Each structure stands twice: as structure tokens, then as C-alpha cells.
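**Student:** Sequence first, predicted model second:
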Amino acid sequence: MTDSIASVLVVGYGTMGRGIVKTFAENGFETSVLTRDPSKVTNLPDKALAIAELPDTTPDLIIESVPEDIALKHELFLKLESKYDGASILATNTSGLPIDDVAKPLTHKDKFIAIHYMQPAEAFPLVEVCRLKETSDQTTKACVDALSRSGKESIVLQRPIIGFLINRLQHALLHEAYCMIEDGIISAEDVDKFARRGFGPRMCVTGLIEQKDLSGIDVNAAAQRSIVPDLYHTGKPSQMVQDMAARGDHGVKSGKGFYDWRDRDT
């Protein structure tokens, strides 16, 4: 592998894989997608290639976007490592599996990294990059550079952590909101009203941390002492949400979630 990534192979052409292929193919990378039946790929971007077998020419970067099944990912990565003998950077697009577990059977862990796209992959401007302790600086730098050339800005996590940054922040917010809804303190509609009209506009100007510098760390420290001990530190998923999922209230896909989606054009 050279310091600069020029060729990219994406494994899987589902919802995320399609967007990932598009970002590289449309930004000058030699891009291919490994899929079971290339004949079924009808919307491939110009200059991208759909293939059914691993190419003999070694790709600089291989990104897997297969289902969240760790056994399936192990099988794939072992096959890739065997084929290319550590010459390719191997990246996982997992959003929830521990990446040190995903990489566990590999020999060349210095060439392994997580590149977590958010949906829609072709439109969302940020990508999370998470390295193992074994991941080399060269691997990280090469990936961040390639992502930049594909139109993405990277958030880099220096060691593995479940959920990376985005999902941890989202679930911390959601957990507090779910508990307040379940306790009858506030409605789902008012939570969303604040997210859209208050939190969203404020954060897109100052971010999360910079805003505390502006308002004063002393003020924030005092607020922490008062508020943090009273948060819903349950350490468990919201039972309300688990019950909703169990009874089939899945949101748009079932017609009902926190909102009624029946007879609505989503």
C-alpha cells in the first residue's frame, strides 16, 4: 500500500454500500463493489465496477458494509487478509459491534480501522474513524486523507469504544428523553420541538463544548453539580422503547411509533 489511497473496494451494495461507492467513484478513486450478483446492480455510478470475485490486483482500501453479524465479518476479513496478505487497509463500517472483537482473528491489525458512515452515506458530511491500539499512524492518516478527497470530514477516535462518538451522544440524549416521556414529564412532541428549534440551531453555531467556553466553565461546573446526580442513571435500555419494539410499534415501517404515520406521506 502506498501512503495515498487510490483504489477502493466496497464489500456489499446495500443502503450504506451504495452511498459509500458513490462518494469514492464520483471523486476520482478507482472504485469497485463486491456483490453476489453484479447483474442486479442497476444504479452503479459511472466509472465504478461491480464484481462477484475478489480482484487479483490489490486494492489500497477495502471497506466492508455487510450485515452486523460478527461471524460473517470474521469470515470476510480472514478471506481478505489471506488474499492480500496485509497489503490492503481493511475497514469496517460497523455501527455497534466492538471493533477490537471484529479484528480479533486478524494478523495485520496495524492495517485495520473502523470507518463509520452515517446514513445517507453519500450526503452526510462527517465520517467517524476509530483506530485500534495496533492501528498504525500511517493507516489512520491515509484513511483520513482519502476520506477528505472523497468529500468527507473525519472525526477520529483514538481507541475503540462501543457506539463511537455519534451514537453515544445520541443514546445519552435519547435515554434521558425516553425516561422523561415514560415518567409523564414531557411529550415526545415537545422533546422534538426543542431538538429542532433550540438544540439544533444552537449547536450548529457553537457546537457542544465551545458553547460552554462561551457561557463559562464555572457556570457549567455548578450546573453539573446540581443536574448530573439527578439524571436517569439506570444503566438499562428504556423499557418503554423495548416494549414498543416488542409489540410491533416500529415507527414509519409499521405505521405507528411515538407518532401515528398511517395515511401520511413520509
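**Tutor:** Yep, it's here. Residues are numbered from 1 along each chain as shown.

**Student:** going forward, measure contacts between C-alpha atoms and count neighbours the same way
**Tutor:** Will do.

**Student:** State which helix of this structure is the longest.
**Tutor:** helix 166-182 (DSSP state H).

**Student:** Just the residues contacting that helix, thanks.
**Tutor:** Identification of contacts with helix 166-182 by CA atoms under 8 Å, 6 or more residues apart in numbering yields I162, I186, S187, A188, V191, L231, Y232, P237, S238, M240, V241.

**Student:** The second one - how many residues pack around it?
**Tutor:** When you say that, I think you mean I186. For I186, the neighbour count with other CA atoms under 10 Å is 14.

**Student:** and it, what pLDDT?
**Tutor:** With respect to pLDDT, I186 scores 98.

**Student:** so it sits in a strand?
**Tutor:** No. With DSSP: H, G, I helix; E, B strand; the rest coil as the criterion, I186 is located in coil rather than a strand.

**Student:** Just the element for S226, please.
**Tutor:** S226 belongs to helix 217-227 when assigned by DSSP states H and E.

**Student:** May I have the phi/psi pair for the residue nearest to the spatial centre of the chain?
**Tutor:** The centre of the chain sits closest to H116, judged by CA atoms, centre = their mean, with a distance of 3.4 Å. Taking degrees, to the nearest 10, you get phi -100, psi 110 for the backbone angles of H116.

**Student:** can you pull the contacts of it?
**Tutor:** By CA under 8 Å, 6+ apart, the neighbours of H116 are T92, N93, T94, S95, V127, E128, V129.

**Student:** out of these, who has the most neighbours?
**Tutor:** Going by other CA under 10 Å, V129 tops the contacts of H116 with 27 neighbours.

**Student:** wait, isn't that residue in contact with K152?
**Tutor:** No. Here V129 lies out of contact with K152, judged by CA atoms under 8 Å, at a distance of 11.1 Å.

**Student:** for this structure, which spans come out with low pLDDT?
**Tutor:** 1-2 (pLDDT under 70).

**Student:** Is the residue lying closest to T135 once chain neighbours are set aside part of a helix or strand, or is it coil?
**Tutor:** The shortest distance from T135 to any non-neighbouring residue, by CA to CA, 6 or more residues apart in numbering, is to D110 (3.9 Å). Of the three states, D110 takes helix according to three-state DSSP.
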